[in-house]
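**Q** My questions are about this predicted structure, shown below with the sequence.
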Amino acid sequence: MLFFSKIKKDQLGAKFAELHDLSVIELSGSPWELGHRHGQKLARGIRAMRRGLLRYLLKAGLVVGACPIMGILLLLGRRFWPAVPRPFQEEMQGVAAGAQVNLSFILLINVLDDLANNVPRCSGLAAGGDYTADGFYLAGRNLDYPLFIDELISHQTLFVVEPHRGKPFASLAWPGYIGVCTGLSKAGVAMSQLSAMSRDTSLKGMPAALRFRQGLETAASLPEAAQAILAVKGTIGNNVLLASADEACVLELSATRGVVRPPLAGLLTVTNHYQTPAMAPWRGRFPRRPPFSPLSSYYFSEDYSRSRDARLQELAQNKILRPEDVQTILADADIANPGTVASLVFNPAERTLWVARGQKPPVNRGLFQKIKPWH
């Protein structure tokens, strides 16, 4: 059930709800049907995302203008198309048709992080065993973005999806975005995508968020999700936090390599650098601060990544954590930052999540909304 104040029925029998400007859409059907209804419902938001990107490109490309840069991005985005599984191609085609926008732009929304080689900064943790009252795992994540902050906060959408083939899942994302960077499956697997700087990258792998969605919606358990993700060639470096009721892990990934990092005595912390010796040879340089980002250069350094990881461990040590305690950790001044556009806490055992509803970054300084997507 969804805990909201207002629920409407759409033409496909799906529920559309709003609370504190959080849009929730429940979709089911074939890939085309999922996409088409997505595009119809969120056409205005998709166009707003496009305007936000164009405004930024106009500022960043004063000499050559926004349109030529956008054209280059669209052309680069198309290079990923052959590696996109057919069902996801059909879904994106449905989104484009439903929203009446160009398919190339929908593809660009879904591969922009792959092109930018992981500009986002993120933090996450999972705690179970002696860290929780019942021994089951809780997980939490901050998604920190250096650009498009107003658009990402105001157009944040929770998709509750029942694919024609695959496991139902909930994904916190944005209009036009069919991948999963933050999700919870009905099978009880929580997934959070974090950036990791890697020198092993490719333009010929499956785009990251689609790779992780495929792993989430095809798996009946955490080991199956991990195996599905590891089996697919990717594009960039990522740390992927997976948690179920009784287990958790971090997948440290590059385009062609992957290592599973288990919890230490029931605790896992993760930011934007590799922590296993096996992935150390593939560590890459941290990016420069993008033009006009509200974050200072320090936020784009390995020192900041390591300091957040140490702070997560410090805040969790020797405590019995409840969902509200994980929320407090994520909102800590040394963890959250001016780019924190999303923050969530998961209880996979109860298939429940809490979404931060602050309207200004960091969003987790506001209230969290409890959501139970399924009965």
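**A** Thanks, I have it.
**Q** Q193 sits in which helix or strand?
**A** Secondary structure from DSSP states H and E places Q193 in strand 190-195.
**Q** How about T328?
**A** Per DSSP H and E: helix 323-330 holds T328.
**Q** For that helix, give the mean pLDDT please.
**A** Across helix 323-330, the average pLDDT comes to 98.
**Q** mind listing the helices for this structure?
**A** For the chain, the helices defined by DSSP state H cover 31-41, 43-60, 66-78, 86-99, 103-116, 149-154, 208-218, 222-230, 302-316, 323-330.
**Q** Restrict the shortest one to CA atoms and write it as CSV.
**A** Extracted in CSV, the C-alpha atoms of helix 149-154 (Å, rounded to 0.1, in the frame of the first residue of the first chain):
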residue,chain,number,x,y,z
ILE,A,149,19.7,20.3,-8.8
ASP,A,150,16.5,22.2,-8.9
GLU,A,151,15.1,20.0,-11.7
LEU,A,152,16.2,16.8,-10.0
ILE,A,153,14.5,17.7,-6.7
SER,A,154,11.3,19.2,-8.1
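**Q** Would you mind finding the most buried of the helices of the chain?
**A** Of all those, helix 208-218 has the most neighbours on average by mean count of other CB atoms under 10 Å, namely a mean of 26. For every residue, glycine as well, the C-beta is placed using N, CA and C.
**Q** Residues in contact with that helix: which ones?
**A** 84-85, 88, 110, 113-114, 161, 163, 166-169, 171, 177-181, 183, 185, 189, 191, 193, 205-206, 224-226, 228-229, 232, 234-236, 238, 240 (CB atoms under 8 Å, 6 or more residues apart in numbering).
**Q** if we can go back for a sec, dump the helices of the chain to a markdown table, plus distance to P287.
**A** Output for these, formatted as a markdown table (distance: least, CB to CB, whole Å):
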| stretch | distance to P287 |
| --- | --- |
| helix 31-41 | 30 |
| helix 43-60 | 15 |
| helix 66-78 | 17 |
| helix 86-99 | 27 |
| helix 103-116 | 8 |
| helix 149-154 | 17 |
| helix 208-218 | 16 |
| helix 222-230 | 24 |
| helix 302-316 | 11 |
| helix 323-330 | 23 |
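**Q** lowest-confidence stretch among these?
**A** Taking the mean pLDDT of those, helix 66-78 comes last: a mean of 83.
**Q** if we look at that helix, which residues are touching it?
**A** By CB under 8 Å, 6+ apart, helix 66-78 touches 53-55, 57-58, 60-61, 102, 104-105, 107-108, 111-112, 115, 203.
**Q** for stretch 268-279, same thing?
**A** Stretch 268-279 is contacted by residues 118, 121-127, 194-198, 237, 239, 241, 248-250, 252, 254, 257, 259, 261-262, 280, 282-283, 286, 302, 305-306, 308-309, 312-313, 316 when judged by CB under 8 Å, 6+ apart.
**Q** try 7 Å this time
**A** 121-126, 194-197, 239, 241, 248, 250, 252, 257, 259, 261, 280, 283, 302, 305-306, 308-309, 312-313 (CB atoms under 7 Å, 6 or more residues apart in numbering).
**Q** Same check on stretch 90-108?
**A** Contact partners of stretch 90-108, identified using CB under 7 Å, 6+ apart, comprise 31-40, 42-43, 46-47, 50, 73-74, 77-78, 81, 110, 176, 178.
**Q** Can you dump the C-alpha atoms of stretch 100-110 in PDB for me?
**A** C-alpha atoms of stretch 100-110 as PDB (Å, rounded to 0.1, in the frame of the first residue of the first chain):
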ATOM      1  CA  GLN A 100       6.100  13.300 -28.100                       C
ATOM      2  CA  VAL A 101       9.800  14.000 -27.800                       C
ATOM      3  CA  ASN A 102      12.800  12.700 -29.800                       C
ATOM      4  CA  LEU A 103      13.900   9.200 -28.900                       C
ATOM      5  CA  SER A 104      17.500  10.400 -28.900                       C
ATOM      6  CA  PHE A 105      16.800  12.700 -26.000                       C
ATOM      7  CA  ILE A 106      15.200   9.900 -24.000                       C
ATOM      8  CA  LEU A 107      18.300   7.800 -24.600                       C
ATOM      9  CA  LEU A 108      20.500  10.700 -23.600                       C
ATOM     10  CA  ILE A 109      18.700  11.000 -20.200                       C
ATOM     11  CA  ASN A 110      19.500   7.400 -19.600                       C
END
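**Q** Give me the pLDDT for the residue sitting nearest the centre point of the chain.
**A** The residue lying closest to the centre of the chain (CA atoms, centre = their mean) is C181, at 2.1 Å. What the model reports for C181 is a pLDDT of 97.
**Q** before we move on, what about K9?
**A** 33.
**Q** in the stretch 201-350 of the chain, which spans are strands?
**A** For the stretch 201-350 of the chain, applying DSSP state E, counting those that start in this stretch gives strands covering 238-243, 248-253, 258-261, 267-270, 340-347.
**Q** Lovely, talk soon.
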